[in-house]
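Student: The amino acid sequence is not available; the structure is as follows:
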């Protein structure tokens, strides 16, 4: 989000739109890694809860191998073919040029971003959320500082923003990898696990179990973020200023979604550990408590951002003509993000138990059944910009309803029993 603001202030709406065209490709790969990391936290938390500490490292190494197998081929594609990919969804030659330069360089960060997710999910699955927070927060601070220097001092523009992302991601992987190898980190102390990075790095049984859990998670995330391609193509029909405003609203919504990552992962960790210990009642208590905290937090965050939507839009765009549209879309995103809170809160126990198929169905339904048609209606009828307001809402409301329904049925507890023997029994 900070890099978008810096690029916008330095180069204007066309650069924001260009970065916005490149971000979905980068994010799609990032989310593939996130799906694998979701399987990692399920394996790690259940083994940790069952006391199978010596087998956690094997699950982590299998996850690392899977992440590299998935992301490295995409790096090659995005490095060699950035312009044709940007043109698939982009409009305006200036914005396409910016997007091409951004995507080529940012693609180098993709494998490292996926490995960062696996590192953080591993620790969170063992009750250590503090270390990932320190590492990721430190990386974010360095990223912002490097971006500022590269964009404003060296005048590298969107390339500088992409380089900052690459350097921050590489640094995070180095810290996680070194810390796991040593079993501790300077200034932080001992980690809950020490991993021997020597061969073998692959275990067929763990890989199969990881695939069963992670594949629906990865597909859901690809659908969620891959949907940005046709969505941005439709938004492009409104013109470059609306594209810039919409991209800003999406980035602000993503920033508001930050607490959900913490709550959702905490739920997955606590629920997974309880399931690993065969204590379903405690797992249920953790699941419901986290859901309530998550929704309450999102309500406060959404209200706060809605009240200052105008000043926030001014941080990203200087043109008054764009600021009004940006402010309105940010306020729509504030309503939308509340439903994202429901998704994150209810998703935690489903992810921990391995019940990951229904969330994928909900994401597909929300995107292709509601969000994209509504955006298109706004572009071609008198509905206009209201179609985009509605798009932001239904994009989260529909999957939230599906995920919450599945959570309330308690089917995830039954499914957890099926996965538990594979996750813990194979490790014994």
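Tutor: Great, that's in hand. Note that the coordinates shown come from a computational prediction; the quantities given were computed from them, not determined experimentally. Residues are numbered from 1 along each chain as shown.
Student: State the distance from residue 287 to residue 205.
Tutor: 28 Å (Cβ to Cβ, to the nearest Å). From N, CA and C alone the C-beta is placed, and that goes for glycine too.
Student: Show me which of the two is the more surrounded one.
Tutor: Counted by other Cβ atoms under 10 Å, residue 287 and residue 205 do not tie: residue 287 has more neighbours, with 25 against 13.
Student: And the pLDDT at residue 398?
Tutor: With respect to pLDDT, residue 398 scores 96.
Student: Test my guess that it contacts residue 366.
Tutor: Yes - the pair residue 398 / residue 366 is scored as a contact, 3.3 Å apart, by Cβ atoms under 8 Å.
Student: the more surrounded of these two?
Tutor: When residue 398 is set against residue 366 and neighbours are counted by other Cβ under 10 Å, the residue ahead is residue 366, at 25 against 20.
Student: how about the strands of this structure, start to end?
Tutor: Taking DSSP state E as the criterion, the chain carries its strands at 184-185, 189-190.
Student: what comes into contact with the last one?
Tutor: Spelled out, that is strand 189-190. Among residues not part of strand 189-190, those counted as contacts by Cβ atoms under 8 Å, 6 or more residues apart in numbering are 183-184.
Student: how many neighbours does residue 314 have?
Tutor: Counted with other Cβ under 10 Å, the burial measure for residue 314 works out to 13 neighbours.
Student: how much space is there between it and residue 308?
Tutor: Applying Cβ to Cβ, one obtains 10 Å for the distance of residue 314 from residue 308.
Student: Please apply the same query to residue 16.
Tutor: When Cβ to Cβ is applied, the distance between residue 16 and residue 308 equals 20 Å.
Student: How about residue 284?
Tutor: Remark: distance between residue 284 and residue 308 (Cβ to Cβ) = 38 Å.
Student: Where does the prediction get shaky in the chain?
Tutor: Within the chain, the stretches falling below the threshold (pLDDT under 70) are 1-2, 419-428.
Student: and residue 360, what does it touch?
Tutor: Contact analysis of residue 360 by Cβ under 8 Å, 6+ apart lists 216-217, 219-220, 223.
Student: Residue 43 contacts residue 59, correct?
Tutor: Yes - A contact is recorded between residue 43 and residue 59 when judged using Cβ under 8 Å, the distance being 4.1 Å.
Student: These two - which one has more neighbours?
Tutor: Here residue 43 and residue 59 are compared on neighbour count by other Cβ under 10 Å; more neighbours surround residue 43, at 34 against 30.
Student: residues contacting the more buried one?
Tutor: Applying Cβ under 8 Å, 6+ apart as the definition, the contact partners of residue 43 turn out to be 59, 63, 125, 206, 209-210, 213, 423.
Student: CSV for these, including distance to residue 302?
Tutor: Compiled in CSV, the contacts of residue 43 are given as follows (distance: Cβ to Cβ, whole Å):
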residue, distance to residue 302
59, 36
63, 33
125, 29
206, 39
209, 37
210, 34
213, 31
423, 36
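Student: For the stretch 251-400 of the chain, which segments are assigned as helices?
Tutor: For the stretch 251-400 of the chain, applying DSSP state H, counting those that start in this stretch gives helices covering 258-276, 280-307, 309-316, 320-353, 357-364, 372-380, 386-408.
Student: Using TSV, lay out the ones you listed together with distance to residue 39.
Tutor: As requested, those are exported to TSV (distance: least, Cβ to Cβ, whole Å):
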stretch	distance to residue 39
helix 258-276	11
helix 280-307	18
helix 309-316	35
helix 320-353	9
helix 357-364	13
helix 372-380	28
helix 386-408	17
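Student: out of those helices, nearest to residue 232?
Tutor: Distances from residue 232 to each of the helices of the stretch 251-400 of the chain were compared by Cβ to Cβ, and the smallest falls on helix 372-380, at 9.6 Å.
Student: which strands and helices sit next to the closest one?
Tutor: With contacts taken as 3 or more Cβ pairs under 8 Å, 6 or more residues apart in numbering; DSSP states H and E, helix 372-380 sits against helix 228-235, helix 386-408.
Student: Including distance to residue 271, could the ones you listed go into a markdown table?
Tutor: Shown next, in a markdown table, are these (distance: least, Cβ to Cβ, whole Å):
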| stretch | distance to residue 271 |
| --- | --- |
| helix 228-235 | 30 |
| helix 386-408 | 11 |
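Student: Between those, which one is closest to residue 264.
Tutor: helix 386-408 (10.8 Å).
Student: Find the nearest non-adjacent residue to residue 253, please.
Tutor: By the measure of Cβ to Cβ, 6 or more residues apart in numbering, the closest residue to residue 253 outside its immediate chain neighbours is residue 333, 3.9 Å from it.
Student: Most neighbours out of the contacts of residue 43, which is it?
Tutor: The most crowded member of these is residue 125, carrying 33 neighbours; neighbours defined as other Cβ under 10 Å.
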